Structure formats: C-alpha cells, structure tokens
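Asker: fold the following and give me the result.
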Amino acid sequence: MRAAVRVKRPPPRPPPPAVAQPVAKTESEKMHPPLAPLLKYFKLRLANGPPLAPNAKAFKSYAETCASLLRLCRVAAIGNASSSSFSNNLPLALSLHAHAVRAGVAADRAVASHLLTTYATFARSAERDRAFRDCVAADAASSFTFDFMLSEHVKAGDIASARRMFDGMPERSVVSYTTIVDALMKRGCVADAVELYEQCPLGSVAFFTAMISGFVRNELHHSALGVFHDMLGCGVRPNDITFVCVIKACAGAGDFSAAMSIVGLAVKSNFFEKNIEVQNYLITLYRRMGDAAAAFKVFDEMEAKDVVSWTALLDVYADAGDLDGARRVLHAMPERNEASWATLIARCEQKGDAAEAVRLYGEMLADGCRPNISCFSSVLSASASLQDLRGGARIHARTLKMGCSTNVFVSSSLIDLYCKSNKCRDAQIVFDTIPQKNIVCWNSLISGYSYNGKMVEAEDLFKKMPARNSASWNTIISGYVQNRQFVDALKSFNAMLASGQIPGKITFSSVILACANLCSVEMGKMVHAKTIKLGIEESVFVGTALSDMYAKSGDLESSKKVFNQMPERNDVTWTAMIQGLAENGFAEESILLFEDMMATEIPPNEHTFLAVLFACSHGGLVEQAIHYFELMQAWGLSPKAKHYTCMVDVLARAGRLTEAEDLLMKTPSRSEANSWAALLSACSTFRNEEIGERAAKKLRELEKDNTAGYVLLSNMYASCGRWKDAAEMRLLMKGITLKKEGGCSWVQVRGEYHAFFSWEARHPLSLEIDEILDVLTWELSI
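Answerer: Predicted structure coming up:
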C-alpha cells in the first residue's frame with residue numbers, strides 16, 4: 001500500500017482588492033506633471049551618480065535640467081494661481097535656487113533668467129532683485145535679463161528706477177526702448193520719450209506702435225501720424241493695434257480723409273476682416289464723421305460681435321440724438337457691462353437729459369453692474385444739473401464705499417454738485433481731500449465760487465494755482481462776466497495775454513460780452529482783430545458775440561457785416577441780431593429779420609420771441625405783438641414772466657391799460673415786478689390813478705424794498721396834480737430808509753478801465769480825483 005504523499009496546497013488567494021476609481025486630473029495636472037517627484041528623482045540622481053559636472057558637457061546638462069525644472073515650477077504656479085498649490089510650489093523654487101547656487105550653475109544665463117521670472121511669478125521682489133544682483137555680479141546677465149527687470153519696474157509703477165535701469169544697461173535692445181518709451185508716454189513725459197525715440201537705432205512694430213499710441217494718449221495726433229509715416233518709411237509692417245491707434249490719431253486731428261486711407265490700407269493688409277478691434281473702432285470713426293449709415297453697415301456686416309461692438313453702435317444712436325434708439329440697443333444687447341451703461345448715461349447727461357441719466361443709473365445698479373469712474377462722473381454731473389443734493393449725496397456715499405471718491409474726475413463732479421447746490425464749504429472739503437489735484441479740480445472749484453457770486457474766494461484760489469491753462473483763465477474771466485465785474489474781466493484777459501496763453505473761442509466770447517456791456521468799441525475792435533489773427537472769427541460763438549457787441553455799442557453796420565459774413569448761424573446768432581436791431585430803434589427791420597429766420601430750418605427759441613416782442617413794444621406795433629405772442633404758443637413755447645412783461649409794456653404804451661391789467665391778472669404763473677412797474681409807468685403817462693394805485697399796491701407786495709413803485713407812484717401823483725400825495729410818497733421812502741439806486745459809469749485811460757459809482761467813493765484815487773475836479777471847477781468859474 002503506497003504511503004500517502006503530503007501535497008502542499010497553495011495558500012488561498014486573497015480576495016481581489018477593490019479597484020479604486022481613477023480621480024479626474026485637472027487641466028493643469030494633465031499639462032504639467034507634479035514637480036515634487038521630479039525634484040526627488042533629481043536629488044537621488046545627484047546623490048548616487050558620479051561627481052557633479054566632471055566635464056563641460058555634464059555641467060551644461062545639469063544647468064539645462066535645473067533651468068527646465070524652474071520653468072516647470074513657474075508654469076505650474078501660473079496654472080494654479082487660484083489654488084492652494086500655488087504657494088506649495090514656492091519651496092520647490094527656493095530649493096532649486098539653493099541647489100543651483102551650491103552647484104555653481106546659478107550664474108548660467110538660462111538658470112539666472114528662469115530664477116528671475118520664477119520669483120516674479122511668486123511676487124517675491126526681494127528675492128528677484130537679489131538674484132538679479134548676483135547675476136550681474138557674475139557677469140551672467142543677458143539682454144533678456146535687463147529687459148525683464150526693466151519691465152518689472154514699469155509694472156510696479158517705479159518709472160524712476162526703470163529709467164536708471166535703462167540708462168545703466170550695457171546694451172539696449174529694441175525691446176528696452178519699447179518698454180521705457182511706452183512707460184514715459186503713459187506718464188505724460190512726452191519730451192523724454194521723443195528723445196529716446198530719436199536715439200533708438202532700430203525699430204519694430206511694437207516700438208513704433210508704442211510711440212503712436214503714446215502720442216494719441218497725450219492728444220498729439222499730428223505727431224502720431226508723423227511716426228506712422230516714419231514706420232512705413234522703415235519698411236515695418238503695421239499690425240492691428242497700430243491701425244487702431246493711427247485711425248484714432250486721424251480722427252483726433254480731424255483728418256477724416258486720411259483716416260479712410262488708413263482704413264483702406266487695413267483692408268488691403270487683411271486686418272479689417274479678421275480683427276474685431278479694427279472693426280469696432282471703424283464704427284466709432286464713422287460716428288465721429290457723422291456717417292451713421294456707414295457705421296450701421298459695418299456693424300451689420302460683422303461676423304462676430306462683442307460687447308464693445310454693441311456699445312459702439314449704442315454710441316452712434318446717442319451721438320445722433322436718438323436716445324430712444326440707444327436705449328433699444330442697450331436692452332437688445334446679449335451682454336451688457338459697465339461701459340455700455342456708462343456710455344448711455346454720459347450721452348444723456350451731455351444731451352441735457354439729466355433726469356434720464358439719473359434714472360438709467362438706477363437701472364444699472366438694479367442690473368447688477370458696478371459703476372465705473374466715467375459713470376460716477378456723468379451721473380454726478382446730472383445730479384448737479386438737477387441740483388439734486390440728496391441724490392448726489394447718496395452717489396457720493398457709494399463712491400466712498402468703492403474707494404474712488406478721490407479720483408480727480410469724480411471729485412471734480414462732486415465739487416460741481418455741491419457748488420450748484422450752494423454748498424461751497426462741502427465743495428472745499430472735497431477739494432482738500434484730493435491727494436493729487438489736477439488743473440480740472442482747481443478750475444471746478446473756481447467755477448463753483450464764481451457761480452455762487454464769491455469772486456473774492458475764486459480770485460484767491462486762482463492766484464494759488466500751481467499751474468494754469470487756457471481753461472483756467474476762461475473760468476476766472478467768465479466768472480467776472482457772470483457777476484458783472486466787466487472791468488476785472490478785461491484786466492484778467494490782458495493778464496492772460498501777458499502770460500503767453502492763447503485764448504480760445506469761449507474766452508473771446510466772454511471778453512467780447514464784457515466789451516459790449518462796457519460799450520467799449522475800441523477794446524472790442526482790438527479783440528476782434530485778435531480773433532482774425534487767430535483765425536477763429538468765423539466761429540459761431542465768436543461771431544455771435546461780436547455781432548452783439550457792435551449792436552450794443554450802436555455800430556449796427558459792423559454788427560450786420562459780422563452777421564452776414566458768418567458761414568454758420570444758430571438760434572442764438574439770429575436772436576442777438578434781432579435784439580440788436582430792436583434796441584437801436586429798427587423795429588420793422590428786426591421783425592423782417594425774424595421772418596427770414598422763420599424761413600430757415602432753425603427754430604426760434606423763447607429768447608427770440610422775447611426780442612421780437614421787445615421790437616414790437618418799442619415800435620408801437622400792438623397787433624403784431626399779439627400775433628407773435630400767440631405764434632409763440634403755437635410753437636409749443638410757454639410764455640415766461642418776461643414775455644408777459646413785454647406784452648404789458650406793448651399794451652400800456654398804446655394806452656390799453658385795462659387790457660394790460662387783465663393780462664397780468666390772467667398770468668398762469670406769478671408775474672414779475674417789472675410787469676407792474678411798466679403798467680404803473682404807463683398809468684403815470686396816461687394819468688390813470690385807479691389802475692396806477694392797484695399796480696403800485698401789487699408792486700409793493702412783490703418787492704417790498706423796491707423803490708421803483710414809490711418813485712413811479714409819486715410821479716403819477718405829480719402828473720395828476722396831486723402834489724400833496726406825491727410829497728407824502730417821498731417822505732414815506734425816507735421814513736422806511738429806501739433809497740433810489742444810483743448809476744455807475746466807466747472810463748478807459750491808457751487801456752485800463754476805471755469804474756465810478758454815484759452813491760459811494762469806491763475808487764482808490766477818489767481824493768486826488770476830487771481835488772482835480774475842484775481845480776477845474778475853479779478855473780471854469782474865472
């Protein structure tokens with residue numbers, strides 16, 4: 001019997017392990033493998049391998065490996081910038097740097113360059129600067145190294161350090177020139193940028209584009225076009241950004257024919273069809289040219305449209321005055337951003353629809369959009385126009401919350417808001433909190449003080465300005481004119497000319513208005529000659545002011561000549577000429593000119609009708625006045641208090657006192673005191689005591705301290721032979737300390753104006769003038 005053989009059985013097989021589900025890798029992990037295993041393998045290889053770098057080939061291989069690991073570390077950090085692994089990669093970079101220093105490969109140009117870029121990625125400026133100094137000390141700094149450090153200083157906003165770096169570079173590349181020139185242009189240092197542009201021996205598309213965009217940013221459009229001409233002369237081909245900048249330069253220079261030539265070049269270079277940015281700005285270009293149809297055509301033919309395309313289309317509608325169309329575009333946009341809302345809000349404010357601008361701001365907030373600087377500036381200006389202090393204060397609070405209240409544009413609008421709400425002290429507080437004030441801020445506060453009649457404060461602020469431009473001079477001059485300080489306005493104008501500033505159209509308009517109110521034809525002619533020399537006499541603003549000035553000075557021939565030579569006239573121009581003829585007694589000619597205006601496409605305004613009614617009043621044309629008064633309402637213009645005053649004057653001068661009184665009693669709004677004064681004066685002429693006493697009573701109710709009512713009633717009593725009542729009115733005036741306002745006159749001596757007032761001696765040389773007058777009086781009496 002065979003012995004049993006013991007057979008060794010295999011151990012039982014363990015149950016199969018659970019298969020782990022594969023974890024989905026992120027896009028960053030798929031693109032870049034984890035760095036820790038690579039670095040660990042690198043360390044093991046160094047520890048177990050032969051001595052480091054026994055020859056040049058091995059040394060270079062090690063350096064390349066170290067540079068590659070640094071590059072992977074940097075790229076992985078960029079890919080995981082929003083995750084926690086971003087900070088975990090920094091120790092790896094520091095470890096690689098330590099290995100590179102210990103192995104002596106930190107001086108390798110590739111390793112040094114990657115060290116700089118890696119530390120810059122992790123925002124470790126101290127380590128980056130130390131690595132750069134070590135690189136320079138080891139004579140391993142390449143052109144890329146210097147260019148990279150230069151760009152880092154520019155990104156940090158340290159232009160002074162960037163300029164020192166540029167000046168100390170052993171060799172400058174076109175990249176270096178491009179970086180520093182672009183930085184200087186953005187800072188407004190145009191002269192320094194131009195100097196470097198002329199020094200640069202080479203040129204690239206980026207370098208020329210930086211110069212062109214810099215000139216456009218600083219509004220030196222003709223200089224930008226000159227650089228583009230140099231660019232083409234050097235054989236450098238423009239890119240899409242260049243084309244956009246050059247088209248902007250052409251539009252800014254007003255040379256739209258050149259702009260269309262550039263568009264043709266862009267189409268020929270195949271940039272128009274494939275670049276949405278060029279197409280977007282082409283819509284803006286056509287808008288500025290006033291060709292809305294061409295802008296619509298470009299938009300319709302675009303294969304792809306972004307939010308900038310829709311915003312540009314919205315701006316076309318708004319610029320054409322079709323705000324309803326602009327709103328339709330806004331609501332039809334597939335995507336809206338803060339720029340879209342800000343564009344429409346700004347356009348509504350510019351077109352005078354301040355209430356709609358404020359309403360759109362509310363819609364913007366409800367839409368979840370965050371207002372930008374432009375939006376805040378526009379809606380605050382709209383609130384200032386509405387004098388809505390409460391709503392403006394709420395917007396101010398939001399700017400404080402968002403940290404943009406000290407922005408110069410927002411602050412300027414806030415100053416305007418508070419000044420127009422008669423809160424000059426709050427405006428001064430806003431001004432004082434601006435860390436870096438520009439000329440616009442100073443001008444806004446000066447204008448605000450002028451608006452509130454505080455010319456002493458405005459003048460003090462003007463004297464403290466660190467720098468002035470033509471707008472600054474215009475602000476103080478127009479402030480003097482608004483407050484009827486015409487002599488001071490002319491003095492400031494002379495000071496402006498002495499400072500070397502060239503006056504603009506608005507400045508001339510204010511100065512000519514001052515000459516007109518002073519009836520100084522000599523000074524007005526001198527200003528007129530200055531406008532001819534500067535080539536702006538045909539401007540509608542200057543021409544209107546000149547025509548008005550000559551008319552008010554009694555020189556109607558010169559006034560008509562200026563009016564007839566104007567290539568363009570608006571409603572203000574026509575109104576000034578109609579008023580000038582009426583004031584000089586040419587009532588019928590004034591009315592004929594009004595009929596000529598009606599034949600044009602320019603609609604009359606309320607001031608035009610006031611001038612016509614004034615002409616009818618002084619010409620005794622009662623029926624024509626009634627006709628034009630009714631015609632005004634047919635044009636949809638509601639008569640104001642001044643129109644009723646004119647009509648009362650027309651009826652009263654014709655002796656139709658009862659009709660005049662009935663018209664005043666039927667006035668829908670509160671009549672002004674001048675209306676009752678005109679009626680009272682006519683009652684004195686026609687000796688109508690009954691209506692005159694009622695008119696005097698009404699006049700005293702409207703203006704208790706107005707001396708006109710007492711004087712006119714006294715004159716009426718005198719004309720009716722009621723001398724006792726006339727004397728009582730004079731005594732009553734003395735009893736309540738009322739005094740008739742005195743007159744004021746000016747005299748020009750050697751180009752300087754001197755004002756004299758009948759009620760007080762305000763002239764600084766009053767004593768000397770009185771002594772001379774006494775001498776002259778004594779000599780005349782001999």
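Asker: which element is the residue lying closest to M632 once chain neighbours are set aside on?
Answerer: Setting aside the residues directly before and after it, M632 is nearest to F609 in space (Cβ to Cβ, 6 or more residues apart in numbering), at 4.4 Å. Every C-beta, even on glycine, is put in place using the N, C-alpha and C of the backbone. In this assignment (DSSP states H and E), F609 forms part of helix 606-619.
Asker: what comes up buried for that helix?
Answerer: 607-619 (16 or more other Cβ atoms under 10 Å).
Asker: widest-spaced pair of those?
Answerer: When Cβ to Cβ is used, the two most widely separated members of the buried residues of helix 606-619 are H607 and G619, lying 18.6 Å apart.
Asker: circling back: can I get the buried residues of helix 606-619 in CSV with distance to K552?
Answerer: Formatted as CSV, the buried residues of helix 606-619 follow (distance: Cβ to Cβ, whole Å):
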residue, distance to K552
H607, 15
T608, 17
F609, 20
L610, 16
A611, 13
V612, 18
L613, 19
F614, 14
A615, 15
C616, 20
S617, 18
H618, 15
G619, 19
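Asker: and which of those residues is nearest Q436?
Answerer: Nearest to Q436 out of the buried residues of helix 606-619 is H607 (Cβ to Cβ; 42.0 Å).
Asker: what is the neighbour count of the residue nearest to V358 when sequence neighbours are not counted?
Answerer: Of all residues not flanking V358 in the chain, A382 sits nearest, at 5.3 Å (Cβ to Cβ, 6+ apart). Number of residues near A382 (other Cβ atoms under 10 Å) recorded here: 30.
Asker: list the contacts for A382?
Answerer: 345, 348-349, 354-355, 357-358, 361 (Cβ atoms under 8 Å, 6 or more residues apart in numbering).
Asker: gap between Q501 and M402?
Answerer: Q501 sits 37 Å away from M402, going by Cβ to Cβ, to the nearest Å.
Asker: ignore what I typed, I meant F243.
Answerer: Note on F243: its distance to M402, by Cβ to Cβ, is 35 Å.
Asker: might you list the low-confidence residue ranges for the stretch 301-450 of the chain?
Answerer: For the stretch 301-450 of the chain, no stretch has pLDDT under 70.
Asker: what sits closest to the residue positioned nearest the centre of the chain if chain neighbours are left out?
Answerer: Nearest residue to the geometric centre of the chain (Cα atoms, centre = their mean): F409, 7.7 Å. Take F409 and drop its neighbours on the chain: the residue closest to it by Cβ to Cβ, 6+ apart is S377, 4.5 Å away.
Asker: burial of that neighbour, as a residue count?
Answerer: S377: 26 neighbours (other Cβ under 10 Å).
Asker: what separates it from V572, distance-wise?
Answerer: Relative to V572, S377 is positioned 28 Å away (Cβ to Cβ).
Asker: do the same with I262
Answerer: I262 is 37 Å from V572, by Cβ to Cβ.
Asker: more neighbours, the two?
Answerer: Neighbour tally, I262 and V572, criterion other Cβ under 10 Å: the higher count belongs to I262, 25 against 17.
Asker: what residues does the more buried one make contact with?
Answerer: Taking Cβ under 8 Å, 6+ apart, one finds 243, 246-247, 250 in contact with I262.
Asker: sorry, back to before: hmm, S444 and the residue nearest to the centre of the chain touching each other?
Answerer: No. Using Cβ atoms under 8 Å, F409 is not in contact with S444; the gap is 10.1 Å.
Asker: okay, now the unreliable bits of the stretch 151-300 of the chain?
Answerer: Judged by pLDDT under 70, the stretch 151-300 of the chain has its weakly predicted residues at 271-274.
Asker: let's see 80
Answerer: 151-153, 155-157, 188, 201-203, 263, 265-275, 277-278 (pLDDT under 80).
Asker: all strands of it, in order?
Answerer: Taking DSSP state E, counting those that start in this stretch, the stretch 151-300 of the chain contains no strands at all.
Asker: run a quick neighbour tally on D426.
Answerer: Neighbours of D426 under the rule other Cβ under 10 Å: 18.
Asker: regarding the closest residue to it other than its chain neighbours, what is its secondary structure?
Answerer: Computed as Cβ to Cβ, 6+ apart, the closest residue to D426 that is not its neighbour in sequence is Y418, at 4.3 Å. Y418 falls in the helix class when you classify it by DSSP: H, G, I helix; E, B strand; the rest coil.
Asker: same question for the one 4 residues further on.
Answerer: Three-state assignment for N422 (three-state DSSP): coil.
Asker: correct me, but it touches N452?
Answerer: Yes. Counting by Cβ under 8 Å, N422 does reach N452; the two are 6.2 Å apart.
Asker: distance check, Y418 against L445.
Answerer: Counting by Cβ to Cβ, the gap from Y418 to L445 is 10 Å.
Asker: name the residues contacting each of those two.
Answerer: With Cβ under 8 Å, 6+ apart, Y418 and L445 have common neighbours A427.
Asker: compare N422 and N452 (neighbour count), which wins?
Answerer: A direct count of neighbours by other Cβ under 10 Å for N422 and N452 places N452 higher, at 18 against 14.
Asker: give me the nearest residue to that one, chain neighbours excluded.
Answerer: In space, and not counting its chain neighbours, N452 is closest to C424: 5.6 Å by Cβ to Cβ, 6+ apart.
Asker: the one you found: neighbour count?
Answerer: A count of nearby residues for C424, using other Cβ under 10 Å, gives 18.
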